[in-house]
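Peer 1: got a predicted model here, sequence first, then my questions.
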Amino acid sequence: MIPNITRGSRMSGLVLYLASTDANKTKNSHTDPHLVAGDAAVMAWYDDGVLDRDDALAIAKHLDRPRKVFGVSVQIKDMQWDAAKKERVHIGYKDASVWHCSLSLRAEEGALTDQQWGDIANDFVDAMGFTEASGKARCRWAAVNHGTSENGNHHIHIAVSLVREDGTKASTHGDYQRAQQSCRELEVKYGLEQLSTVHATRGYDRAEKATAVRDDREMHRSCLARKVRASASASATEAEFVRRARDTGLLIRPRYAKNTTDVIVGYSVAERPARGQRPIWFGGGTLASDLKLGALREEWPDTPHQATEAAAEWNAAARNRRTVSRTGPENATPPAEAWVEYTRNAAALADQLRSIPRDDHATWAKAARDVSGAFAAWSYRLEPTPGPLAATAAELSRTAQLRAPRQHSKPVALPSIAGTAMLFMAAASKTKTAAQTALMVQLINTAFAVYEMHAQSGRTREAQRIRSVVEEQLAPFTGTMPKTVLVGAGQQPADAGLPPRAIDIARRGMVPIRPGSVLPTTPIPATPAKTSQPGRRDAGPGLDR
């Protein structure tokens, strides 16, 4: 269940919206909005649930009465983006006495009855501290069932006046975190799908899915996300990222800070449309939370020279002109030794991850992002249509997306596989090679470590999804890979010197769980890498910058 909180100042405007049935709306129109819960007075007067405009105004007046009687105003800071400082600045205060939260189910969960939503709403406002259960005077509130949205999500809206019956103000400190925790507890209580408190991914609306099915193709956003992820993972600088994204066939344009033409704060991408059609643009953040420009920039150096190069490439992309640089790393052929180097680094990464605490979410997200990027790049190179590589990249990307990234510390230094995506994208042909087999084994070993982390953390759904994609899609794919690789002057098996468990995973998928244990046995540690490839973005031997 997904909570979404907003604040405002006009109770009448909110309740009129909740009760509206505007047939001219193109999105999220309400065919039968009706009350499912509220404070005692609201439910006594409108227990039949039906709402019209007069009812909505009467309910709004009732909810807003304590604020008007006591003349209390609940204010919050008013923030505005300052282009010169490149940050949001405090410009004053504004009234925000109205607290509004929607509670939505995932489209796959279907719908709940009014009785179920009513029980959930009552428990939720209790948990948020808005009722007598808090030991304080109650707030006035109402919950309206909006039915199923255009995205297929069955949901309700809860409107709360933040001025209590005695004129005191209800605290909303930490309400976002408290709402998330309350939803996790309600999911357990009411048997709903349990969403992660740590990770959050972008959903796809019903129309988008229907169009993809009708046209027998992949959804726009998942295709865009994979290409952007591959391009970002393969790039050592922001300018290189822009060029690589364009090389994959994407249209990409910058979003400038307000009143500027040189400060780039975001971007949008689109597939190149057929003749006579318009491109469909998506912002980076709507593809995945870790594909926002700010998140991507954390992986690249930040110098005046690099910023100038990036701005030049962004401006060329915005005008659909040729790239500024035509001699970038994306046009170079990496040395053959790089495959051995990054295979060793991937082995060391999988080994070291098993010593990382399960609650170090930032480090796990960083590792999942790098491995997901490698699979995304390989999918771009080998798969004309989405296949097992794309599915694995998409599944691991879920772990790369943190619900609240700023609440976590910086990731610790790990053996770097930052250049792995670059190797796959630079592959001269689409023929599978033995060198790819060796690297594949270690990437699967790393995916296995992510699976173990989720299983040990009690996130059964996340663990099972990774297990399923590796067993059912990736394992058959590995059976088509070559079994030998050149090492020096002779030939050795691609799995020579690699962890036996990783080999078994690569050949058969996730290994069976041993009796009496919730986890597979731990693979034999791999030999750590001692050097890193020159010219990439590593800060030291085998370590991320």
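Peer 2: Great, that's in hand.

Peer 1: counting neighbours, what do you get for Met123?
Peer 2: Just to correct that, residue 123 is Asp rather than Met. Look at Asp123: counted by other CB atoms under 10 Å, it has 17 neighbours. Using the backbone N, CA and C atoms, a C-beta is placed for each residue, glycine as well.

Peer 1: repeat that for Arg88.
Peer 2: Close neighbours of Arg88, defined as other CB under 10 Å, add up to 11.

Peer 1: for Ala60, give me its contacts.
Peer 2: Ala60 sits next to Met11, Ser12, Leu14, Val15, Leu16 when contact means CB atoms under 8 Å, 6 or more residues apart in numbering.

Peer 1: neighbour-wise, which of those leads?
Peer 2: Within those, neighbour counts (other CB under 10 Å) peak at Val15, which reaches 28 neighbours.

Peer 1: contact partners for Lys292?
Peer 2: By CB under 8 Å, 6+ apart, the contact list for Lys292 reads Gly266, Gly284, Gly285.

Peer 1: following whatever helix or strand the last one lives in, which helix or strand comes up?
Peer 2: Gly285 is located in helix 284-287, with elements delineated by DSSP states H and E. Using DSSP H and E, the next helix or strand after helix 284-287 towards the C-terminus is helix 293-297.

Peer 1: in that following helix, what's buried?
Peer 2: Across helix 293-297, burial judged by 16 or more other CB atoms under 10 Å covers Leu293, Ala295, Leu296, Arg297.

Peer 1: same question for the helix holding Gly285, mean pLDDT?
Peer 2: Here helix 284-287 scores 89 as its mean pLDDT.

Peer 1: picking up where we left off before, let me know the closest of the contacts of Ala60 to Ser222.
Peer 2: Closest approach to Ser222 among the contacts of Ala60 (CB to CB): Leu14, at 34.3 Å.

Peer 1: how about the contacts made by the closest one?
Peer 2: Contacts for Leu14 (CB under 8 Å, 6+ apart) come out as Gly8, Ala60, Val98, His100, Ala159.

Peer 1: CSV for those, including distance to Ala44, secondary structure and pLDDT?
Peer 2: Output for the contacts of Leu14, formatted as CSV (distance: CB to CB, whole Å; DSSP: H, G, I helix; E, B strand; the rest coil; pLDDT from 0 to 100):
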residue, distance to Ala44, secondary structure, pLDDT
Gly8, 26, strand, 90
Ala60, 17, helix, 94
Val98, 22, strand, 94
His100, 23, strand, 95
Ala159, 17, strand, 96
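
Peer 1: what stretches of the stretch 351-500 of the chain score poorly on pLDDT?
Peer 2: The model of the stretch 351-500 of the chain has pLDDT under 70 over residues 404-408, 428-429, 483-500.

Peer 1: need the strands for it, in chain order.
Peer 2: Remark: strands assigned in the stretch 351-500 of the chain by DSSP state E, counting those that start in this stretch are 484-487, 490-493.

Peer 1: can you tell me the closest non-neighbouring residue to Ser134?
Peer 2: Closest residue to Ser134 apart from its sequence neighbours, by CB to CB, 6 or more residues apart in numbering: Asp126 at 7.8 Å.

Peer 1: how close does the closest residue to Ala427 other than its chain neighbours sit to Thr327?
Peer 2: Nearest non-adjacent residue to Ala427, counting by CB to CB, 6+ apart: Arg381, 5.3 Å away. Distance of Arg381 to Thr327, computed by CB to CB, to the nearest Å: 22 Å.

Peer 1: who has more neighbours, the two?
Peer 2: More crowded of Arg381 and Thr327, by other CB under 10 Å: Arg381, with 19 against 7.

Peer 1: who's in contact with that one?
Peer 2: Arg381 touches Phe424, Met425, Ala427, Lys430, counting by CB under 8 Å, 6+ apart.

Peer 1: for Ser468, state which of those is nearest.
Peer 2: Phe424 (23.5 Å).

Peer 1: what is the burial count for that closest one?
Peer 2: By other CB under 10 Å, the residues close to Phe424 number 24.

Peer 1: cool, Pro384 as well?
Peer 2: 6.

Peer 1: please, which helix or strand holds the residue lying closest to Glu309 once chain neighbours are set aside?
Peer 2: Of all residues not flanking Glu309 in the chain, Ala239 sits nearest, at 4.2 Å (CB to CB, 6+ apart). For Ala239, the host element (DSSP H and E) is helix 238-247.

Peer 1: which outside residues touch that helix?
Peer 2: 227-228, 230-232, 234-235, 252, 269, 296-297, 300, 306-307, 309-310, 312-314, 317, 323-325, 328-330, 425.

Peer 1: coming back round to it: can you lay out the contacts of Leu14 as TSV showing distance to Ile280?
Peer 2: Below are these laid out as TSV (distance: CB to CB, whole Å):
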residue	distance to Ile280
Gly8	31
Ala60	38
Val98	35
His100	30
Ala159	34
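
Peer 1: report the buried members of the residues you listed.
Peer 2: Buried among those by 16+ other CB under 10 Å: Ala60, Val98, His100, Ala159.

Peer 1: tell me which two in those are the farthest apart.
Peer 2: Once CB to CB is applied, the buried ones among the contacts of Leu14 give Ala60 and His100 as the farthest pair, at 12.2 Å.

Peer 1: the helix holding Gly285 - contacts with which helices or strands?
Peer 2: Here helix 284-287 touches helix 220-233, strand 264-271, going by 3 or more CB pairs under 8 Å, 6 or more residues apart in numbering; DSSP states H and E.

Peer 1: tell me which of these lies nearest to Gly191.
Peer 2: Closest approach to Gly191 among these is made by helix 220-233 (29.3 Å; CB to CB).

Peer 1: give me the angle between the closest one and helix 238-247.
Peer 2: Inter-element angle recorded for helix 220-233 and helix 238-247: 140 degrees (by axes from the mean of the first three to the mean of the last three CA atoms, to 10 degrees).

Peer 1: return the set of buried residues in helix 220-233.
Peer 2: Neighbour-count burial for helix 220-233 [16+ other CB under 10 Å]: 220-233.

Peer 1: same thing with stretch 53-73?
Peer 2: In stretch 53-73, counting by 16+ other CB under 10 Å, buried: Asp55, Ala56, Ala58, Ile59, Ala60, His62, Leu63, Asp64, Arg65, Pro66, Arg67, Val72.
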